[in-house]
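Trainee: A predicted structure for the sequence below; I have some questions about it.
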Amino acid sequence: MTKTVRIFEICFLRFICHLKSGIRNFYSSFRKIALSLVLIVMLAGCGNEKSKSSFSEFTAIGAATTNPVIATGFRITDGEQERLLEIFNPADTLHPVARFYLVDSVCAGNRYADGITLEVPVQRMVCLSATHLSLLDALDKMEALVGVAGANYVVSGKFKERVANGKIKEIGIAGRYQLEALLELAPQIVMVSPQAGQAFEPLTNAGLTVIPNGDFLENHPLGRAEWIKMMGALTGTEKRSISIFDSISKSYNHLKQIAANTPHRPKVLAGKQYGGFWNLPGGKSYVAQLLHDAGAHYLWSDNENTGGLMLDFETVYNRGLGADYWRLLVYSDTIYTYDLLAREDGRYRNFAAFKKKQVLVCNTRTTAYHQQGLLQPHILLADYIHIFHPDLLHDHKNQYYHLMP
Amino acid sequence: MTHAAAKYQIHPHNAVFKLLLLSLLIVIFFVLNITIGSVMIPPGEIVRILTGHAATHPAWEGIVLSARLPQALTAMFAGAALGVAGLIMQTLFRNPLAGPSVLGISSGASLGVAVMMLFITMPAGKFISISHVTGNFGVVVAAFAGAFGVLLLIMALAARFRSPATILIIGIMIAYAVTAIVGILQFYSLKEDLQAFVIWGLGSFANVSWQQLAFFIPLLIIGIVLALLMIKPLNALLLGENYARNLGVNTRRISLLAIFTSGLLIAVVTAYCGPIAFLGLAVPHFSRALLRSSDHLLVMPGTLLSGMALALFCNLIARLPGFDGALPINAITSLIGAPVVVWIILRRNQISVS
C-alpha cells in the first residue's frame, strides 16, 4: 500500500517538476521572443523615437521643383525630409485620390497616417499601360521597369532588349494583369491608368502600392506631357524630367505663336460613326486644344465636354457638312483611304472635306500615337499646322497625321 | 375550347376600328420621325425636300433623305418583325414569356458578332480594320451566321423532340451558354474592340443605309408573309397540339416553319440593328390586350401594326431634340416595354397567350 503511495508521490513530484520546468522554459522562450520583438521594433524604427509611438507629421516647405505648372492631376510638395506626391481627379483638385510620401530611405522611420510611404528612387516598377513606358524611356530609366501588361508595344530598342533578356516580364495582356505573376515580381509600385470599370482592389489588397497615372485625363496637351515630372520624382530623375518638359513646352509654345497670327482659321470636323453614334472629341478636350493652338476652328469648340461626345448622324451632318478639314484617328492594317472611309458609310462622301480630299488621319497601328504621342504634343501640333497652314512650316515632316492619299 | 372560341367572336368591328387607329398612329409617328430630330428643320422645308426640291440649307436634304427616312423605315420594319416573331413564339411554346432572346437566337447573333469583333480580329482593334473592308456588312454577316447557327441547332432539336417546352428549355440553355462564351470573349479582348462590341449591343436603328435596306426590307417581308400564312394553323395550335392535329394540322411541319420564320425575322433584325430589347416580348401582349382577343386573324395584324407604331414611338423618344440622339434605343424600348407588360398583368390580373 505504502509502496503505491510512494510511487504516486514520486509521480506527482515529477509531474510538478515537469510543470515547473515547462513553465520556466516557456517563460524563458517567451522572454526571448519578447526581447527579439522589441529588438525588431527598435531596429525597424532605426532608433527614431517618433515612429514607435505615433505617426510622423508632414510639414510642407513649398512646391517641389517637379510640381506641375499646367497639369492639374498631381501635385508635389517638398517637406523637411520627404516629398509629398498627391494625385487628383482633374474634376476635383481639392481632394486627392492618393497620397504618397517619397522618402530617401524607409529606414528614416517616417510613417504617415494619411498616405503611403514610398522609398525613392523606385527600383522595381510595373506599368500596366503602354503610354507610361515612353516616360521611362525618355528618362533613360528603363532598368527600373520589371513588368508590363503586353510586351508587343513599340517603345524602344532598349525596351525590346530587356524584354528579350527576361529583365522585363509580361504579366498580362492588353492592360489586364495576372495577379499572381504580378505578385511574384514584388514590384515597389504598379502604375496604372485608372479607367472606369477597372478594379485595382485586388492589387492593393495584396499589399501592392498602386499609383494612378491620370495623364490621359488632362485637358491640355502640355498637361499630359507634364506627367513626366511625376515619373521623374519617382525614379530620381527630377532634373532630367524638368528639362525634357521645358523643351517640349518651349517648342509647343513657339509653334503656337506661329499659328496664332494666321488670318484664316479652317473649320475642322473630327471622328466618325461607331454603332450608330458619331464619336468625337469634346470642345474642352486636349484634341480641341491642339486644333485651336494649330490655328484651326474646331466646330465643337463651344462644347464644354472634356472627354468624348456621342452624337447622332444628323447633328454632326448639320454642323460638319461644310467643314474644311476632317480629322480621324483610325486603327488600320492597310493605308486608310477615301474608298475605305466611304465603304463604311456612303453618306461620308457628301462632306466637303471628303470632296476636297482634306481628310487628315492618324493610324494608331502604324504610328506610335498611343505610346509616344503623349510626350510629343509639339510634334502633333506641328503636324496639324503643316496640314492646316501649308505655308507656315515648310521643313516639317509629318509624323502622326497625314492627309489621306 | 369554348372559352377560346367565344373570344373569337368579340366585337370584330371594334377590332377593325382599332387596327385602323393603329395604322393612323403609324402614319403620325412616321411623319413625326421625319420632322423631329436633334436638328430643327422647319416643316415647310421638309415638304420641299420630300417633293424633290432643294432645301435652303444643303445639310437638311441629307438629314431628311439619308438619315431620318432610312432610320424611320428601319424602326418600322424592325418593330413589326420583332413583334410578329414574338407572337409566333409565344403561341408555339404556349408561354407568355417567349421572345426573341429566349430561343437563344439573338444571343447567337451576339456570339457571331463577338467572335468577329473580338476573336478573329485578335491583334489590337482589328474590328475597325475589318469594317473598313466590309463596312457594316461584316457585322451583318457575322450576326446572321451566329443567329442561323443557333436556329439550325434549335430546328434539329425540334425535329427530334416534339415537346415545345423541351425546345424552350434547350433554347434558354443555349442562350446562357452563348452569353457565357460572349462573356469570355469580352474578358480576353482589347478595349477598342470591346467598346465597338458594347456599342453594337446597345442596339440602334440608325445603322441601316439605303443599300442595306434593299436587303433588310425584302427579307423581313418574306418572314412577315410566312407569318401571315400561318394564321390558321397558329390558331389551331392555341387550342393545344392534340386539337390542332385533330383539325388536320401537321403540327410538326408548322412547328418547324414557325421556328424558321421567327428565327429569320429575329436574325435579320439583330444583324442590322443589334439586339433590340423587349419589343418582341411586349408587343404581342399589347396587341392582345388592345384587341381583347387571341385570334391570330386579329392579333397578327395587330401585332404587326402595334410593333411598327411602338418602334417608331421609341425611335422618336430616343431622338428627341436636346438629347442629341445619344439615347440608346434599348433603354427606351425597355423603359416603355416593361410598364406595358406590367400594366397588362395588373389589368387582366394574369398574363397568358390565349
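Mentor: That came through fine.
Trainee: lowest-pLDDT helix or strand in chain A?
Mentor: Every helix and strand in chain A was compared by mean pLDDT, DSSP states H and E; the lowest is helix A:49-53, with a mean of 45.
Trainee: the stretch 301-405 of chain A against chain B: which residues are in contact?
Mentor: Applying CB under 8 Å from any CB of the partner chain, we find that the stretch 301-405 of chain A lies next to chain B at A:309-315, A:317-319, A:321-322, A:330-334, A:336, A:340-341, A:343-347, A:350, A:365. (Each C-beta comes from the backbone N, C-alpha and C, glycine too.)
Trainee: write the PyMOL selection for whichever of these are buried.
Mentor: Buried subset of those, written as a PyMOL selection, criterion 16 or more other CB atoms under 10 Å in any protein chain shown:
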select buried, chain A and resi 309+310+311+312+313+314+315+317+318+319+321+330+331+332+333+336+340+341+343+344+345+347+365
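Trainee: in helices, which of the residues of the stretch 301-405 of chain A next to chain B appear?
Mentor: Counting by DSSP state H, the part of these found in helices is A:313-315, A:317-319, A:340-341, A:343-344.
Trainee: in the stretch 201-350 of chain A, what residue comes closest to chain B?
Mentor: residue A:312 (2.4 Å; CB to the nearest CB).
Trainee: where does the stretch 101-250 of chain B have low pLDDT?
Mentor: The stretch 101-250 of chain B contains residues with pLDDT under 70 at B:118-138, B:189-193, B:195-196.
Trainee: just to revisit the earlier point, the residue of the stretch 201-350 of chain A closest to chain B and residue B:182, how far apart?
Mentor: 27 Å (CB to CB, to the nearest Å).
Trainee: residue A:266 too?
Mentor: Going from residue A:266 to residue B:182 by CB to CB gives 44 Å.
Trainee: quick one: which of those two has more around it?
Mentor: Shown here are residue A:266 and residue B:182; by other CB atoms under 10 Å in any protein chain shown, residue B:182 has more neighbours (21 against 18).
Trainee: please, which helix or strand holds the more buried one?
Mentor: helix B:164-187 (DSSP states H and E).
Trainee: what's in contact with that helix?
Mentor: With CB atoms under 8 Å, 6 or more residues apart in numbering or on different chains as the contact definition, helix B:164-187 has outside contacts at A:176, B:92-95, B:98, B:101-104, B:107-108, B:110-111, B:114-115, B:118-119, B:150, B:153-154, B:157-158, B:161, B:194, B:197, B:255, B:259.
Trainee: so residue A:403 touches residue A:358, yeah?
Mentor: Yes: using CB atoms under 8 Å, residue A:403 is in contact with residue A:358, at 6.7 Å.
Trainee: OK, contacts around the residue nearest the centre of chain B?
Mentor: Centroid-nearest residue in chain B: residue B:82, 2.4 Å away (criterion: CA atoms, centre = their mean). Residue B:82 sits next to B:100, B:265-266, B:269, B:276, B:279-280, B:283, B:307, B:311 when contact means CB under 8 Å, 6+ apart.
Trainee: ditto for residue B:153
Mentor: Contact partners of residue B:153, counting by CB under 8 Å, 6+ apart, are residue B:174.
Trainee: in a helix, that's where it is, yeah?
Mentor: Yes: secondary structure of residue B:153 (DSSP: H, G, I helix; E, B strand; the rest coil): part of a helix.
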